[in-house]
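Novice: I would like to see how this sequence folds:
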Amino acid sequence: MSKSELTNNTKTEAGLPDYSVSRLAGLIAGKHISPVELATLVLSRAEALQPTLNAFITLCHDTAIEEARIAEKAIMRGEKLGPLHGIPFSIKDNIPTAGIRTTFGSRIYADHVPIRDAVAVARAKAAGAIVIGKTTTPEFAFLGMTEAPLFGRTANPWNLRRTCGGSSGGAAAATAARLGYLALCTDAGGSARIPAACNGVVGFKPSLGTVPHDWAEDVFGNTQYVTPIARTVEDAALLLDVISGSHPSDPHTIGRPRLDSAAAIQERGDLSGLRMGWRALLGNDAVDLDVLEFLEKVAGIAESLGAHIVEARHPFENQEGLITRLAASARKAQYGKLLEQHRDVMCPKLVRQFDQVSSLSAEDAWQGAFQRTRLFRQVQQWFEEFDVLLTPTLARSALPIDQDFFSPITINQHLTETPRKAWYPYTIPFNATGHPALSIPCGLDREGMPVAVQLVGRIGSDAQLLRIGTLLEQAIGFIGLPPLPLFNPKEGPT
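Specialist: Purely as a prediction, here's the structure:
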């Protein structure tokens with residue numbers, strides 16, 4: 001197979017083509033890029049940067065190369081290829097993978113190897129994607145930063161002294177560092193959008209029922225979504241389309257067709273007729289001045305593309321208490337016995353969160369469910385006034401890597417509240433309500449760290465939300481690559 005694209009048209013000093021997934025898939029299918037050589041280059045880069053970033057718990061070198069060889073043979077035989085044929089991708093280590101250990105970021109599961117793939121994993125593999133490894137997650141994916149006794153801390157490729165966010169921090173750091181082209185992860189309170197914003201990549205939380213969550217223990221009360229992190233909105237849409245659709249394990253998906261958001265993105269056009277509400281605060285008291293400036297800039301770009309912009313002023317309470325009632329109490333019920341038996345080897349920050357909810361009663365949990373319903377109806381009313389909501393994704397850029405999760409954070413040189421209340425109040429509500437939410441990078445703050453905005457749409461409007469995100473992404477322009485070795489930071493996806 002020809003190596004001309006890899007040798008003559010590279011976009012990074014590592015020899016990796018920084019192409020969009022659709023372009024890369026076309027070059028692979030056209031025999032211009034070898035899946036084996038591509039997988040080898042990605043794995044080599046991942047191994048080289050692992051001591052620096054610590055983005056992976058497991059790298060699947062042997063199986064990835066073998067799958068790449070199989071993919072190459074299929075091309076040479078002229079077989080029908082899936083939309084992700086030969087594309088290297090990573091999987092967050094709380095998602096079951098057959099034959100590949102799945103630790104949930106926990107010492108307790110350090111040697112746990114599932115016997116089957118999650119539905120989303122199986123669908124991505126059936127579309128031709130090649131698993132290169134499992135990315136880091138805090139223990140049981142319950143922290144807005146990525147660290148755990150099992151593996152240590154995962155760093156931010158833009159600044160190794162900053163957090164990569166969480167809980168899909170390894171996925172976002174790997175994607176920003178070009179360690180794979182797509183990442184499959186989860187979002188339970190912003191777990192995809194928070195790290196995407198920290199690392200300058202795209203994070204998405206789909207509508208409830210878009211992607212099957214077949215290993216959730218409480219599928220009816222679940223607030224965790226299976227979703228992509230990617231370099232661009234279009235790349236995220238390609239993976240989302242593949243993993244979406246009905247499955248009998250998840251009642252919210254039954255009868256739902258697979259998305260075709262990639263087709264919606266190709267419509268291009270502008271934002272004429274779109275009503276966009278925007279707000280700088282969502283139950284918090286402070287937002288970084290750089291973040292506010294970028295938010296206003298993106299609102300102006302949307303207006304220049306034809307959108308009608310209105311400031312949303314609806315009263316709104318911080319939803320930190322809701323995520324505590326719903327998610328923390330559910331995790332405590334799910335892992336309570338493990339806590340009794342293994343407290344000494346579990347992450348102290350997770351143990352502390354479990355201890356904080358130990359006094360919650362069954363009535364408290366039900367009050368959380370009632371609050372979730374009220375919140376859903378409140379947000380539904382917003383979308384009678386506008387089509388899309390624009391907010392910051394985070395109130396400031398990535399926190400220091402050693403930030404105490406239970407202490408106030410600094411915004412505009414002033415101490416505020418704890419991270420869950422002051423840093424990512426924008427992401428939590430929509431896990432509870434089920435509305436789709438997209439985080440896209442929009443620039444760098446005065447310290448050179450990525451800043452992102454969030455777009456929220458009506459339930460079921462995923463494809464159109466991704467189209468809007470693509471138009472804004474293209475108008476904003478490429479924010480650059482992290483200042484890591486093996487990079488030419490002036491280049492971007494083509």
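Novice: and the nearest residue to residue 113 once chain neighbours are set aside, how many neighbours does it have?
Specialist: Among residues not flanking residue 113 along the chain, residue 101 sits closest, at 5.0 Å (Cβ to Cβ, 6 or more residues apart in numbering). C-betas here are computed from N, CA, C, even on glycine. Here the count is done by other Cβ atoms under 10 Å, and residue 101 has 16 residues near it.
Novice: quick one, what contacts residue 101?
Specialist: Applying Cβ atoms under 8 Å, 6 or more residues apart in numbering to residue 101 gives the contacts 57, 58, 110, 111, 112, 113, 134.
Novice: do the same with residue 209
Specialist: Contacts of residue 209 by Cβ under 8 Å, 6+ apart are 250, 252, 253, 256, 434.
Novice: tell me the one of those residues nearest residue 360?
Specialist: residue 434 (23.1 Å; Cβ to Cβ).
Novice: what distance do you get for the closest one to residue 246?
Specialist: According to Cβ to Cβ, to the nearest Å, residue 434 stands 17 Å off from residue 246.
Novice: more neighbours, the two?
Specialist: Taking other Cβ under 10 Å, residue 434 and residue 246 do not tie; residue 434 has more neighbours (20 against 14).
Novice: ok, back up a step: can you list which of the contacts of residue 101 are found in strands?
Specialist: 57, 58, 134 (DSSP state E).
Novice: need the outlier residue of this protein, farthest from its centre.
Specialist: Most distant residue from the mean C-alpha position of the chain: residue 77, 35.4 Å away (Cα atoms, centre = their mean).
Novice: pLDDT wise, what is it at?
Specialist: Residue 77 is assigned 97 on the pLDDT scale.
Novice: where does the spatially closest residue to residue 415 that is not a sequence neighbour land in three-state SS?
Specialist: Among residues not flanking residue 415 along the chain, residue 408 sits closest, at 4.3 Å (Cβ to Cβ, 6+ apart). Assigned by DSSP: H, G, I helix; E, B strand; the rest coil, the conformation of residue 408 is coil.
Novice: these two touch, right, residue 408 and residue 417?
Specialist: Yes. Taking contacts as Cβ atoms under 8 Å, residue 408 lies within contact range of residue 417: 5.8 Å.
Novice: list the contacts for the residue lying closest to residue 446 once chain neighbours are set aside?
Specialist: Distances taken as Cβ to Cβ, 6+ apart put residue 290 closest to residue 446, at 5.9 Å, once the chain neighbours are dropped. Going by Cβ under 8 Å, 6+ apart, residue 290 touches 397, 445, 446, 451.
Novice: shouldn't the first one be within a helix?
Specialist: I take that to be residue 397. No. Read with three-state DSSP, residue 397 is coil and lies in no helix.
Novice: and the pLDDT at it?
Specialist: The model's pLDDT for residue 397 equals 99.
Novice: before we move on, what about the third one?
Specialist: In this model, residue 446 is scored at 98, pLDDT.
Novice: repeat for the last one
Specialist: Model confidence at residue 451, expressed as pLDDT, equals 99.
Novice: residue 328 now?
Specialist: So residue 328 comes in at 72 (pLDDT).
Novice: and residue 394, by the same measure?
Specialist: pLDDT, read off for residue 394, is 99.
Novice: number of nearby residues for it?
Specialist: 32.
Novice: now residue 301. Nearest residue, chain neighbours left out?
Specialist: Nearest residue to residue 301 in three dimensions, chain neighbours excluded: residue 475, at 4.8 Å (Cβ to Cβ, 6+ apart).
Novice: dump the contacts of residue 209 to JSON lines, plus pLDDT and secondary structure.
Specialist: Shown next, in JSON lines, are the contacts of residue 209 (pLDDT from 0 to 100; DSSP: H, G, I helix; E, B strand; the rest coil):
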{"residue": "250", "pLDDT": "98", "secondary structure": "coil"}
{"residue": "252", "pLDDT": "98", "secondary structure": "coil"}
{"residue": "253", "pLDDT": "98", "secondary structure": "coil"}
{"residue": "256", "pLDDT": "97", "secondary structure": "coil"}
{"residue": "434", "pLDDT": "98", "secondary structure": "coil"}
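Novice: between the residues you listed, which is nearest residue 313?
Specialist: residue 434 (23.6 Å).
Novice: surely that closest one touches residue 458?
Specialist: No. Taking contacts as Cβ under 8 Å, residue 434 lies outside contact range of residue 458: 10.3 Å.
Novice: which of the contacts of residue 290 ranks first by neighbour count?
Specialist: residue 451 (28 neighbours).
Novice: did I read that right, it in a strand?
Specialist: Yes. Under three-state DSSP, residue 451 falls within a strand.
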